[in-house]
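# dropping a prediction and its sequence here:
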Amino acid sequence: MLSFGNKEFRNLQEQVLKNAQDIETLKGRENLQIVIVEELPEVGNPNYIYLVPNNDEEEANVYDEYIWLADSEEYEKIGGVNIDLSSLVTLNTDQTINSTKTIANGKELRIGTSDENKYFTISNSSNRLLINAVGIASRLQFGSYLTNIIPTSTSQDIGANNAYWQNLWLSGNIDFGNDAKISKDTSNRVIIQYGGSTILKVGTATYINADFLPEENVTYDLGSSSYCWKDAYIAGNISDGVDSVSVANIASKVTSSYASGTFDSNGESTIDISGGTPTGLFIFAYGNCECFLHLTATMVQNADLSPIRVACPMIYNSGTVNGWLNISRTSDTLTISVIDGTNHVDSGYAWTLTKTNLI
(Lines give C-alpha, C1' and ligand atoms only; values in the text may rest on other atoms or scores of the structure.)
Protein backbone atom coordinates (compact mmCIF):
# COMPACT_ATOMS: atom_id res chain seq x y z
CA MET A 1 0.00 0.00 0.00
CA LEU A 2 1.60 3.28 -1.09
CA SER A 3 0.65 6.59 0.47
CA PHE A 4 0.40 9.81 -1.57
CA GLY A 5 2.66 11.52 0.98
CA ASN A 6 5.76 9.44 0.11
CA LYS A 7 8.30 11.29 -2.08
CA GLU A 8 9.49 7.94 -3.43
CA PHE A 9 6.37 7.76 -5.59
CA ARG A 10 6.18 11.34 -6.82
CA ASN A 11 6.31 10.39 -10.48
CA LEU A 12 3.70 7.73 -9.97
CA GLN A 13 1.44 10.17 -8.13
CA GLU A 14 1.71 12.80 -10.82
CA GLN A 15 0.65 10.37 -13.52
CA VAL A 16 -2.20 8.90 -11.50
CA LEU A 17 -3.51 12.30 -10.42
CA LYS A 18 -3.29 13.62 -13.97
CA ASN A 19 -5.51 10.75 -15.10
CA ALA A 20 -7.89 11.16 -12.14
CA GLN A 21 -8.25 14.97 -11.95
CA ASP A 22 -11.18 15.12 -14.34
CA ILE A 23 -12.98 12.08 -13.00
CA GLU A 24 -16.15 13.22 -11.31
CA THR A 25 -16.43 10.20 -9.04
CA LEU A 26 -13.05 10.94 -7.41
CA LYS A 27 -13.84 14.51 -6.49
CA GLY A 28 -14.17 14.99 -2.71
CA ARG A 29 -12.37 11.79 -1.85
CA GLU A 30 -9.58 12.38 0.67
CA ASN A 31 -6.57 10.28 1.64
CA LEU A 32 -6.56 8.36 -1.62
CA GLN A 33 -4.04 5.57 -1.67
CA ILE A 34 -2.41 3.67 -4.52
CA VAL A 35 -2.58 -0.10 -4.25
CA ILE A 36 -0.66 -2.40 -6.59
CA VAL A 37 -2.40 -5.75 -7.07
CA GLU A 38 -2.03 -8.68 -9.45
CA GLU A 39 -5.79 -8.73 -9.94
CA LEU A 40 -8.71 -6.72 -8.66
CA PRO A 41 -10.36 -7.94 -5.43
CA GLU A 42 -13.99 -8.96 -5.62
CA VAL A 43 -15.05 -5.91 -3.60
CA GLY A 44 -12.94 -2.77 -3.73
CA ASN A 45 -12.26 0.19 -1.46
CA PRO A 46 -13.50 3.60 -2.66
CA ASN A 47 -10.40 5.27 -1.18
CA TYR A 48 -7.99 3.19 -3.29
CA ILE A 49 -6.74 3.60 -6.83
CA TYR A 50 -5.81 0.11 -7.96
CA LEU A 51 -2.88 -0.49 -10.31
CA VAL A 52 -3.13 -3.79 -12.18
CA PRO A 53 -0.31 -4.98 -14.52
CA ASN A 54 -1.42 -4.86 -18.16
CA ASN A 55 0.03 -8.06 -19.55
CA ASP A 56 -1.38 -7.37 -23.04
CA GLU A 57 0.96 -4.47 -23.64
CA GLU A 58 4.22 -5.19 -25.39
CA GLU A 59 5.95 -2.58 -23.31
CA ALA A 60 6.80 -3.60 -19.77
CA ASN A 61 5.81 -1.72 -16.63
CA VAL A 62 2.38 -0.69 -17.87
CA TYR A 63 -0.38 -0.58 -15.24
CA ASP A 64 -4.11 -0.03 -15.67
CA GLU A 65 -5.80 2.23 -13.14
CA TYR A 66 -9.14 1.31 -11.54
CA ILE A 67 -11.41 2.80 -8.90
CA TRP A 68 -14.26 1.15 -7.03
CA LEU A 69 -17.74 2.66 -7.44
CA ALA A 70 -19.59 1.91 -4.22
CA ASP A 71 -23.02 2.89 -5.57
CA SER A 72 -22.94 0.55 -8.55
CA GLU A 73 -20.58 -1.93 -6.86
CA GLU A 74 -18.26 -2.15 -9.84
CA TYR A 75 -14.83 -1.01 -11.02
CA GLU A 76 -14.20 1.83 -13.42
CA LYS A 77 -11.00 2.03 -15.42
CA ILE A 78 -9.65 5.59 -15.26
CA GLY A 79 -6.45 5.25 -17.24
CA GLY A 80 -3.01 3.72 -17.22
CA VAL A 81 0.53 4.52 -16.21
CA ASN A 82 3.91 3.43 -17.45
CA ILE A 83 6.44 3.32 -14.63
CA ASP A 84 9.09 0.91 -13.33
CA LEU A 85 8.00 -0.27 -9.87
CA SER A 86 10.44 -3.16 -9.60
CA SER A 87 12.39 -1.41 -6.80
CA LEU A 88 9.28 -1.00 -4.66
CA VAL A 89 8.20 -3.47 -2.01
CA THR A 90 4.52 -4.35 -2.40
CA LEU A 91 2.64 -6.92 -0.39
CA ASN A 92 -0.95 -7.95 -0.85
CA THR A 93 -2.93 -10.96 0.31
CA ASP A 94 -0.93 -14.21 0.12
CA GLN A 95 2.07 -12.49 -1.50
CA THR A 96 5.71 -12.76 -0.42
CA ILE A 97 8.93 -10.95 -1.27
CA ASN A 98 11.02 -13.32 -3.38
CA SER A 99 13.91 -11.00 -4.18
CA THR A 100 16.04 -8.44 -2.40
CA LYS A 101 14.32 -5.08 -2.03
CA THR A 102 15.79 -1.89 -0.61
CA ILE A 103 13.99 0.73 1.48
CA ALA A 104 15.72 4.02 0.70
CA ASN A 105 16.81 6.31 3.52
CA GLY A 106 13.86 8.34 4.77
CA LYS A 107 11.29 6.06 3.04
CA GLU A 108 9.02 3.48 4.60
CA LEU A 109 7.38 0.11 4.05
CA ARG A 110 3.79 0.11 5.25
CA ILE A 111 2.12 -3.11 6.35
CA GLY A 112 -1.62 -2.67 6.54
CA THR A 113 -4.32 -4.48 8.51
CA SER A 114 -8.00 -5.11 7.98
CA ASP A 115 -8.58 -1.64 9.45
CA GLU A 116 -7.10 0.96 7.07
CA ASN A 117 -6.47 3.31 10.04
CA LYS A 118 -4.21 0.77 11.70
CA TYR A 119 -0.90 -0.25 10.17
CA PHE A 120 2.81 -0.75 10.75
CA THR A 121 5.65 1.05 9.04
CA ILE A 122 9.27 0.00 8.63
CA SER A 123 11.75 2.64 7.57
CA ASN A 124 15.41 3.56 7.53
CA SER A 125 16.20 6.93 9.11
CA SER A 126 19.82 8.05 9.55
CA ASN A 127 20.92 4.45 9.21
CA ARG A 128 18.51 3.34 11.94
CA LEU A 129 15.73 0.79 11.50
CA LEU A 130 12.47 2.28 12.72
CA ILE A 131 9.41 0.11 13.34
CA ASN A 132 6.33 2.16 14.10
CA ALA A 133 2.72 1.22 14.81
CA VAL A 134 -0.10 3.58 13.89
CA GLY A 135 -3.33 3.08 15.83
CA ILE A 136 -2.04 -0.17 17.30
CA ALA A 137 -0.60 -1.02 20.74
CA SER A 138 2.55 -2.70 19.52
CA ARG A 139 5.46 -4.75 20.78
CA LEU A 140 8.58 -5.97 19.10
CA GLN A 141 8.27 -9.71 18.56
CA PHE A 142 10.12 -12.25 16.46
CA GLY A 143 8.63 -15.67 15.92
CA SER A 144 6.38 -16.81 18.77
CA TYR A 145 8.31 -14.98 21.50
CA LEU A 146 10.37 -11.87 21.99
CA THR A 147 13.94 -12.63 21.06
CA ASN A 148 17.19 -11.45 22.61
CA ILE A 149 18.03 -7.80 21.97
CA ILE A 150 21.79 -7.47 21.90
CA PRO A 151 23.67 -4.18 21.33
CA THR A 152 26.73 -4.10 19.13
CA SER A 153 28.76 -2.09 21.69
CA THR A 154 28.64 -0.86 25.30
CA SER A 155 27.83 2.69 24.13
CA GLN A 156 24.17 1.89 23.34
CA ASP A 157 21.33 2.65 25.78
CA ILE A 158 17.83 1.42 26.55
CA GLY A 159 15.77 4.59 26.77
CA ALA A 160 17.19 8.12 27.09
CA ASN A 161 17.27 11.01 29.54
CA ASN A 162 14.09 12.38 27.95
CA ALA A 163 12.42 9.10 26.96
CA TYR A 164 11.94 6.56 29.75
CA TRP A 165 10.47 3.08 29.75
CA GLN A 166 7.69 2.76 32.32
CA ASN A 167 8.20 -0.60 34.09
CA LEU A 168 10.75 -3.39 33.88
CA TRP A 169 9.82 -7.02 34.64
CA LEU A 170 12.72 -9.44 35.03
CA SER A 171 13.07 -13.07 36.01
CA GLY A 172 16.85 -13.15 35.61
CA ASN A 173 19.80 -10.93 36.51
CA ILE A 174 21.07 -7.45 35.78
CA ASP A 175 24.78 -7.74 35.00
CA PHE A 176 26.89 -4.56 34.88
CA GLY A 177 30.13 -6.35 33.97
CA ASN A 178 33.28 -6.17 36.10
CA ASP A 179 31.67 -8.71 38.47
CA ALA A 180 28.83 -6.31 39.46
CA LYS A 181 25.40 -7.96 39.38
CA ILE A 182 21.86 -7.65 40.77
CA SER A 183 19.88 -10.89 41.03
CA LYS A 184 17.20 -12.68 43.04
CA ASP A 185 17.73 -15.83 45.13
CA THR A 186 15.35 -18.72 45.83
CA SER A 187 14.01 -16.87 48.91
CA ASN A 188 12.95 -13.93 46.68
CA ARG A 189 15.64 -11.70 48.18
CA VAL A 190 17.34 -9.09 46.00
CA ILE A 191 21.06 -9.87 45.87
CA ILE A 192 23.74 -7.29 45.00
CA GLN A 193 27.11 -8.79 44.15
CA TYR A 194 30.46 -7.20 43.48
CA GLY A 195 33.82 -8.80 42.81
CA GLY A 196 32.24 -12.26 42.99
CA SER A 197 31.02 -11.68 46.58
CA THR A 198 27.51 -10.96 47.88
CA ILE A 199 27.46 -7.41 49.25
CA LEU A 200 23.78 -6.90 50.07
CA LYS A 201 20.72 -9.13 50.56
CA VAL A 202 17.35 -7.38 50.76
CA GLY A 203 14.26 -9.28 51.89
CA THR A 204 12.28 -9.39 55.13
CA ALA A 205 15.68 -8.50 56.64
CA THR A 206 18.63 -6.73 55.02
CA TYR A 207 22.07 -8.32 55.19
CA ILE A 208 25.23 -6.33 54.44
CA ASN A 209 28.50 -8.07 53.72
CA ALA A 210 30.65 -4.93 53.47
CA ASP A 211 31.52 -1.71 55.27
CA PHE A 212 28.61 0.74 55.41
CA LEU A 213 29.97 4.22 54.75
CA PRO A 214 28.32 7.64 54.14
CA GLU A 215 29.24 9.39 50.90
CA GLU A 216 30.33 12.54 52.77
CA ASN A 217 31.90 13.01 56.20
CA VAL A 218 29.81 14.46 59.09
CA THR A 219 26.79 15.01 56.81
CA TYR A 220 24.30 12.14 57.14
CA ASP A 221 22.49 10.62 60.14
CA LEU A 222 21.58 7.07 61.06
CA GLY A 223 17.90 7.39 61.94
CA SER A 224 16.21 10.65 62.95
CA SER A 225 14.19 12.20 65.77
CA SER A 226 11.03 10.90 64.07
CA TYR A 227 12.32 7.52 62.86
CA CYS A 228 14.57 5.84 65.41
CA TRP A 229 16.22 2.44 65.14
CA LYS A 230 15.07 0.11 67.90
CA ASP A 231 18.15 -1.75 69.17
CA ALA A 232 21.82 -1.67 68.22
CA TYR A 233 23.92 -4.82 68.62
CA ILE A 234 27.61 -3.94 68.49
CA ALA A 235 30.54 -6.19 69.32
CA GLY A 236 33.36 -3.77 68.53
CA ASN A 237 34.12 -0.13 69.20
CA ILE A 238 32.28 3.18 68.99
CA SER A 239 34.26 6.22 67.84
CA ASP A 240 33.56 9.94 67.41
CA GLY A 241 36.42 10.21 64.92
CA VAL A 242 38.92 11.10 67.64
CA ASP A 243 38.43 8.75 70.56
CA SER A 244 37.40 5.11 70.36
CA VAL A 245 35.92 2.95 73.10
CA SER A 246 34.70 -0.63 73.08
CA VAL A 247 31.07 -1.41 73.82
CA ALA A 248 32.16 -3.56 76.75
CA ASN A 249 33.99 -0.59 78.28
CA ILE A 250 30.95 1.63 77.74
CA ALA A 251 28.79 -0.86 79.66
CA SER A 252 31.31 -0.93 82.53
CA LYS A 253 31.37 2.87 82.63
CA VAL A 254 27.58 3.10 82.80
CA THR A 255 26.98 0.48 85.51
CA SER A 256 28.99 -1.59 87.95
CA SER A 257 28.01 -4.38 90.29
CA TYR A 258 27.82 -3.28 93.95
CA ALA A 259 26.41 -6.22 95.89
CA SER A 260 24.38 -9.43 95.53
CA GLY A 261 22.83 -12.08 97.73
CA THR A 262 19.82 -14.28 98.49
CA PHE A 263 16.85 -13.64 100.76
CA ASP A 264 16.83 -15.87 103.85
CA SER A 265 13.89 -17.68 105.43
CA ASN A 266 12.81 -14.41 107.03
CA GLY A 267 12.79 -12.67 103.65
CA GLU A 268 15.80 -10.57 104.56
CA SER A 269 19.38 -10.14 103.37
CA THR A 270 22.36 -8.03 104.41
CA ILE A 271 25.02 -5.87 102.73
CA ASP A 272 28.45 -5.17 104.24
CA ILE A 273 29.24 -1.43 103.92
CA SER A 274 32.41 -1.38 106.02
CA GLY A 275 34.32 -0.34 102.91
CA GLY A 276 32.33 2.88 102.54
CA THR A 277 28.90 4.43 102.54
CA PRO A 278 26.97 3.64 99.32
CA THR A 279 25.72 6.76 97.51
CA GLY A 280 24.30 7.39 94.05
CA LEU A 281 21.68 5.81 91.79
CA PHE A 282 21.30 2.05 92.17
CA ILE A 283 19.19 -0.62 90.48
CA PHE A 284 17.80 -3.23 92.84
CA ALA A 285 16.62 -6.38 91.06
CA TYR A 286 15.41 -9.85 91.98
CA GLY A 287 13.44 -12.35 89.96
CA ASN A 288 11.78 -10.27 87.22
CA CYS A 289 11.29 -7.27 89.55
CA GLU A 290 13.32 -4.06 89.44
CA CYS A 291 13.28 -0.67 91.12
CA PHE A 292 15.58 2.37 91.22
CA LEU A 293 17.13 3.47 94.50
CA HIS A 294 18.81 6.87 95.01
CA LEU A 295 20.98 6.89 98.14
CA THR A 296 22.71 9.97 99.53
CA ALA A 297 25.34 10.24 102.25
CA THR A 298 22.81 11.98 104.51
CA MET A 299 20.42 9.05 104.27
CA VAL A 300 22.87 6.31 105.25
CA GLN A 301 25.65 8.06 107.19
CA ASN A 302 24.32 7.33 110.70
CA ALA A 303 24.20 3.99 112.43
CA ASP A 304 20.83 2.60 113.52
CA LEU A 305 19.27 4.14 110.40
CA SER A 306 15.50 4.23 110.39
CA PRO A 307 14.21 2.15 107.47
CA ILE A 308 14.25 3.74 104.00
CA ARG A 309 11.14 2.69 102.13
CA VAL A 310 10.99 2.61 98.28
CA ALA A 311 8.04 1.35 96.23
CA CYS A 312 9.05 -1.94 94.63
CA PRO A 313 7.20 -5.00 93.27
CA MET A 314 7.52 -8.10 95.48
CA ILE A 315 7.19 -11.80 94.87
CA TYR A 316 5.06 -13.61 97.43
CA ASN A 317 3.84 -17.20 97.10
CA SER A 318 5.13 -17.21 93.46
CA GLY A 319 3.01 -14.16 92.59
CA THR A 320 4.03 -10.54 92.04
CA VAL A 321 2.27 -7.88 94.14
CA ASN A 322 2.91 -4.24 95.02
CA GLY A 323 5.35 -3.89 97.87
CA TRP A 324 8.11 -1.84 99.47
CA LEU A 325 11.87 -2.17 99.55
CA ASN A 326 13.00 -1.51 103.15
CA ILE A 327 16.62 -0.61 103.89
CA SER A 328 17.94 -0.18 107.45
CA ARG A 329 21.45 0.17 108.86
CA THR A 330 23.07 -1.28 111.96
CA SER A 331 26.71 -0.36 112.31
CA ASP A 332 28.45 -1.40 109.05
CA THR A 333 25.57 -3.55 107.80
CA LEU A 334 22.59 -2.70 105.63
CA THR A 335 19.57 -4.96 106.00
CA ILE A 336 17.19 -5.16 103.04
CA SER A 337 13.77 -6.72 102.73
CA VAL A 338 10.79 -6.50 100.44
CA ILE A 339 7.36 -6.55 102.14
CA ASP A 340 3.77 -5.65 101.35
CA GLY A 341 3.05 -4.51 104.88
CA THR A 342 2.98 -7.83 106.68
CA ASN A 343 4.35 -10.40 104.26
CA HIS A 344 8.02 -10.68 103.30
CA VAL A 345 9.25 -11.78 99.90
CA ASP A 346 9.50 -15.56 99.48
CA SER A 347 12.83 -16.85 100.67
CA GLY A 348 15.51 -18.17 98.32
CA TYR A 349 15.25 -15.39 95.71
CA ALA A 350 18.61 -14.03 94.53
CA TRP A 351 19.02 -10.27 94.30
CA THR A 352 21.52 -7.82 92.86
CA LEU A 353 22.31 -4.20 93.60
CA THR A 354 23.91 -2.45 90.62
CA LYS A 355 25.41 1.03 90.82
CA THR A 356 24.95 3.34 87.86
CA ASN A 357 27.51 6.02 87.04
CA LEU A 358 24.93 8.44 85.67
CA ILE A 359 24.78 10.66 88.77
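Yep, it's here. Residues are numbered from 1 along each chain as shown.

# got the residue ranges for the helices in this protein?
10-20, 247-254, 297-300 (DSSP state H).

# and those, which one's lowest on average pLDDT?
For these, mean pLDDT drops lowest on helix 10-20, to a mean of 58.

# I'd say residue 129 and residue 122 touch.
Yes: using C-beta atoms under 8 Å, residue 129 is in contact with residue 122, at 7.1 Å. Glycine gets a C-beta too; all of them are placed from N, C-alpha and C.

# neighbour-wise, which of those two wins?
residue 122 (15 against 9; other C-beta atoms under 10 Å).

# any idea what that one is bridged to?
Taking DSSP bridges as the rule, residue 122 bridges to residue 109, residue 131.

# show the pLDDT at residue 91.
47.

# equivalent analysis for residue 228, please.
pLDDT, residue 228: 92.

# residues contacting residue 210?
Taking C-beta atoms under 8 Å, 6 or more residues apart in numbering, we find residue 210 in contact with 199-200.

# okay, it and residue 199: tell me how far apart.
5 Å (C-beta to C-beta, to the nearest Å).

# who touches both of these two?
Contacts common to residue 210 and residue 199, judged by C-beta under 8 Å, 6+ apart, are absent.

# and the gap between residue 241 and residue 217?
In terms of C-beta to C-beta, residue 241 sits 8 Å off from residue 217.

# residue 236: what's it in contact with?
Residue 236 neighbours (C-beta under 8 Å, 6+ apart): 246-247.

# how about it, phi and psi?
Dihedral angles of residue 236 (phi, psi; degrees, to the nearest 10) stand at phi -110, psi -130.

# begin at 210, not 1, for the rest of this chat.
Let's use 210 as the start, then, which means that last one is residue 445.

# any idea how far residue 431 is from it?
In terms of C-beta to C-beta, residue 445 sits 16 Å off from residue 431.

# kindly report the same for residue 394.
27 Å.

# and for residue 522?
Following C-beta to C-beta, the distance that separates residue 522 from residue 431 is 36 Å.

# please apply the same query to residue 385.
Distance from residue 385 to residue 431, by C-beta to C-beta: 28 Å.

# do residue 275 as well
Distance from residue 275 to residue 431, by C-beta to C-beta: 80 Å.

# now do residue 344
54 Å.

# any low-confidence regions in this protein?
210-241, 266-269, 292-317, 321-325, 334-336, 346-356, 460, 508-516, 527, 567-568 (pLDDT under 70).

# now do the domain split for it, please.
According to automatic domain parsing, the chain is divided into the following domains: 211-291, 383-417, 464-565.

# show me where the stretch 260-409 of the chain has strands.
271-278, 283-291, 317-321, 328-334, 337-343, 383-386, 389-393, 399-403, 406-411 (DSSP state E, counting those that start in this stretch).

# residue 486: which of these is closest?
Set against residue 486 and scored by C-beta to C-beta, the strands of the stretch 260-409 of the chain come closest in strand 406-411, at 55.0 Å.

# am I right that residue 331 is in contact with residue 320?
Yes: Residue 331 lies in contact with residue 320 (C-beta under 8 Å); the separation is 7.3 Å.

# on that earlier part again, dump the strands of the stretch 260-409 of the chain to CSV, plus distance to residue 457.
Formatted as CSV, those follow (distance: least, C-beta to C-beta, whole Å):
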stretch, distance to residue 457
strand 271-278, 95
strand 283-291, 97
strand 317-321, 76
strand 328-334, 70
strand 337-343, 66
strand 383-386, 41
strand 389-393, 38
strand 399-403, 33
strand 406-411, 29
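
# what's near enough to touch the nearest residue to residue 399 once chain neighbours are set aside?
With C-beta to C-beta, 6 or more residues apart in numbering as the criterion, residue 399 has its nearest non-adjacent residue at 4.4 Å, and that residue is residue 411. By C-beta under 8 Å, 6+ apart, the residues touching residue 411 are 398-399, 401.

# and residue 468, bridged to which residues?
residue 562.

# who does residue 417 bridge with?
Beta-bridge partners, per DSSP bridges, of residue 417: residue 409.

# any idea how many residues pack against it?
Neighbours of residue 417 using other C-beta under 10 Å come to 12.

# can you check residue 544 too?
15.

# tell me how far it lies from residue 327.
Residue 544 is 98 Å from residue 327, by C-beta to C-beta.

# try residue 481
98 Å.

# the more surrounded of those two?
The residue with more neighbours, out of residue 481 and residue 327, is residue 327; 12 against 9, by other C-beta under 10 Å.

# run through the bridge partners of residue 546.
Beta bridges link residue 546 to residue 477, residue 535, judged by DSSP bridges.

# and it, how many neighbours?
Number of residues near residue 546 (other C-beta under 10 Å) recorded here: 20.

# just checking, it touches residue 478?
Yes: with contact defined as C-beta under 8 Å, residue 546 and residue 478 form a contacting pair (7.5 Å).

# and for these two, which residues touch both?
Joint contacts of residue 546 and residue 478 (C-beta under 8 Å, 6+ apart) are residue 472.

# who's the residue nearest to residue 261 when sequence neighbours are not counted bridged to?
In space, and not counting its chain neighbours, residue 261 is closest to residue 273: 5.0 Å by C-beta to C-beta, 6+ apart. Residue 273 has these beta-bridge partners by DSSP bridges: residue 261, residue 289.
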